[in-house]
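1. A structural model of the following input is requested.
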Amino acid sequence: MNDVIPQLSAYDDAALDAAFRSLIEQVQAGASSLLTAEAQEAFRLEWLGRKQGRLKLVSDAWLKTAPVEAKKALGKRFNDLKAAIESVMESGAGAGATSASGPALDVTLPGIARRIGVEHPLTRTMREVVQVFQALGYSIALGPEVESDFYNFEALNFPPNHPARDTQDTLVIADQQGKPGRDRLLMRTHTSPVQIRTMLAQDPPLRIVVPGKVHRNDESDATHSPIFHQVEGLCVDTNITFSDLKGTLDHAMKTLFGSGVKTRFFPSFFPFTEPSADVQISCIFCGGSGCRKCKHSGWIELLGCGMVDPAVFAAVNQRRAEMGMDAAYDPKHISGFAFGMGVDRIAMMLSGATDIGLFYSGDLRFLENFA
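-> The predicted structure follows:
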């Protein structure tokens, strides 16, 4: 037994009060000497040292050897003693702040504020577009950026040597010549391969929105970048019509750009949809009266869409058969629509940026405008 911690002769309340009162008086007596950092550290080690601190010795000598019925009363007084020690140390640290050992940390000085980051404008725009369709019951679907020719082209009705492939400016992975054409790898040129992957994995009905990064071998200029972002959507069910597509996109554009925005559809061509359409919205800058932003037409072309081509459903069914699955996408019983839009173009419109390269430059002078 350490000589500074006497043995308890009894465990009644009076004996415990007397024993702990003596220790607390010793703690308070030492408070007057805590005028330097060295004195404070010595006091801490004396009472709170892990191996030979007096609080540790009290625990070993009194708490661990006490009878079970006395442990609760001992524990309460032990906690009071520990609180008294910590209180004295806090008071001593304040009293010794200007001691001979030198000035302590001045907590009244202003700190160095950590600047809080914000979403990149492209990330924010993509999230806002996705949320519009999530509110309509669409689920988010994702896929790899390195794709096979089958998913990126063939299943989407781009047969070999199809002229539409030339407009994609594809970046191909090196050393793929030894593989069959459909298995050769490339950087995806659109997020449409995720539509195929989802139809292979799930039976209809299906409603997905697909955000992601895509790659094309484009020269960088004010409106083009070899890396950009898309959000595509796919809806497949029974009795889906072009009217459903128009209503969905009209609602989405009004949610994104304001209730006063109008939409109009023009015939177009995409290999994976038939019929296909380009969608224009009334200029959000001039309200449709004509300005430089809309080239004085009052309209801005924003996205493409169309009804899913039956050839795409046929390719999906064929692949599902190869995988031992049933042909769930029979165009005689189901139909669907798809749409896709460029996130970067929308972000440029909303931010007023005139060069797409600003979004990829990492220039804080530009990005701080979105903080």
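
2. In three-state terms, how would the closest residue to Val172 other than its chain neighbours be classified?
-> Using Cβ to Cβ, 6 or more residues apart in numbering and skipping residues adjacent in sequence, the residue nearest Val172 is Leu186, 4.6 Å away. Quick note: C-beta positions are derived from backbone N, CA and C, even for glycine. For Leu186, the secondary structure call by DSSP: H, G, I helix; E, B strand; the rest coil comes out as strand.

3. Just list whatever residues bridge to Leu186.
-> On the basis of DSSP bridges, Leu186 takes part in beta bridges with Glu147, Val172.

4. Would you mind measuring from it to Asp149?
-> For Leu186, the distance to Asp149 (Cβ to Cβ, to the nearest Å) stands at 6 Å.

5. Check which helices and strands the helix-or-strand element of the chain with minimal mean pLDDT is in contact with.
-> Across the helices and strands of the chain, mean confidence by mean pLDDT, DSSP states H and E is lowest for helix 71-95: a mean of 80. Counting contacts by 3 or more Cβ pairs under 8 Å, 6 or more residues apart in numbering; DSSP states H and E, the secondary-structure elements packed against helix 71-95 are helix 13-30, helix 37-48, helix 54-58.

6. Point out the most buried one among these.
-> Comparing the helices and strands packed on helix 71-95 on average neighbours per residue, with mean count of other Cβ atoms under 10 Å, the densest one is helix 54-58 at a mean of 19.

7. what about it, average pLDDT?
-> For helix 54-58, the per-residue pLDDT values average out at 84.

8. go on, stretch 27-34?
-> What stretch 27-34 shows for mean pLDDT is 81.

9. ditto for stretch 212-225
-> Model confidence over stretch 212-225, given as mean pLDDT, is 89.

10. With just CA atoms, put that stretch into PDB.
-> As requested, C-alpha coordinates have been extracted for stretch 212-225 and formatted as PDB (Å, rounded to 0.1, in the frame of the first residue of the first chain):
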ATOM      1  CA  GLY A 212     -22.300  10.400 -66.400                       C
ATOM      2  CA  LYS A 213     -19.100  11.400 -68.200                       C
ATOM      3  CA  VAL A 214     -18.500  10.600 -71.800                       C
ATOM      4  CA  HIS A 215     -15.500  10.900 -74.200                       C
ATOM      5  CA  ARG A 216     -15.100  11.800 -77.800                       C
ATOM      6  CA  ASN A 217     -12.100  12.600 -80.000                       C
ATOM      7  CA  ASP A 218     -13.100  16.300 -80.400                       C
ATOM      8  CA  GLU A 219     -10.800  19.200 -80.700                       C
ATOM      9  CA  SER A 220     -11.200  21.600 -77.800                       C
ATOM     10  CA  ASP A 221     -12.800  24.900 -78.600                       C
ATOM     11  CA  ALA A 222     -15.300  27.200 -77.000                       C
ATOM     12  CA  THR A 223     -18.200  24.700 -77.300                       C
ATOM     13  CA  HIS A 224     -16.400  21.300 -77.600                       C
ATOM     14  CA  SER A 225     -14.400  19.200 -75.200                       C
END
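
11. Tell me the secondary structure of Pro275, please.
-> The assignment at Pro275 comes out as strand when based on three-state DSSP.

12. all strands of the stretch 201-350 of the chain, in order?
-> Listed in chain order, the strands of the stretch 201-350 of the chain (DSSP state E, counting those that start in this stretch) span residues 206-215, 227-237, 263-270, 273-282, 299-308, 335-342.

13. Tell me which strands the third one pairs with, and in which orientation.
-> Okay, so that is strand 263-270. Under the criterion DSSP bridges, the sheet neighbours of strand 263-270 are strand 273-282 (antiparallel).

14. relative to strand 299-308, how tilted is the partner strand?
-> Calculated by axes from the mean of the first three to the mean of the last three Cα atoms, to 10 degrees, strand 273-282 forms an angle of 160 degrees with strand 299-308.

15. Now do strand 273-282 against strand 335-342, angle only.
-> The directions of strand 273-282 and strand 335-342 differ by 40 degrees, with the same axes, to 10 degrees as the criterion.

16. Buried residues, strand 273-282. List them.
-> Residues of strand 273-282 classed as buried: 273, 276-282 (neighbour count, 16 or more other Cβ atoms under 10 Å).

17. Isn't Phe285 up against Ser297?
-> No - under the criterion of Cβ atoms under 8 Å, Phe285 makes no contact with Ser297, lying 12.0 Å away.

18. which residues does Ala277 contact?
-> 265-268, 304-306 (Cβ atoms under 8 Å, 6 or more residues apart in numbering).

19. returning to what we had before: pLDDT averaged over the following helix or strand past the least confident helix or strand of the chain, what's the number?
-> Downstream of helix 71-95, the next assigned helix or strand under DSSP states H and E is helix 121-134. The predicted model assigns helix 121-134 a mean pLDDT of 95.

20. related to what we said a few turns ago, which residues does the least confident helix or strand of the chain contact?
-> Among residues not part of helix 71-95, those counted as contacts by Cβ under 8 Å, 6+ apart are 11, 13, 16-17, 20, 23-24, 27-28, 30-31, 34-35, 39-40, 43-44, 47-48, 55, 58-59, 62-63, 66, 104.

21. how about it: buried residues?
-> For helix 71-95, using 16+ other Cβ under 10 Å, the buried residues are 74, 77-78, 81-82, 84-85, 88-89, 92.

22. okay, these in JSON lines with distance to Ser225 next?
-> Converted to JSON lines, the buried residues of helix 71-95 look like this (distance: Cβ to Cβ, whole Å):
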{"residue": "Leu74", "distance to Ser225": "72"}
{"residue": "Arg77", "distance to Ser225": "72"}
{"residue": "Phe78", "distance to Ser225": "68"}
{"residue": "Leu81", "distance to Ser225": "68"}
{"residue": "Lys82", "distance to Ser225": "63"}
{"residue": "Ala84", "distance to Ser225": "67"}
{"residue": "Ile85", "distance to Ser225": "64"}
{"residue": "Val88", "distance to Ser225": "65"}
{"residue": "Met89", "distance to Ser225": "60"}
{"residue": "Gly92", "distance to Ser225": "63"}
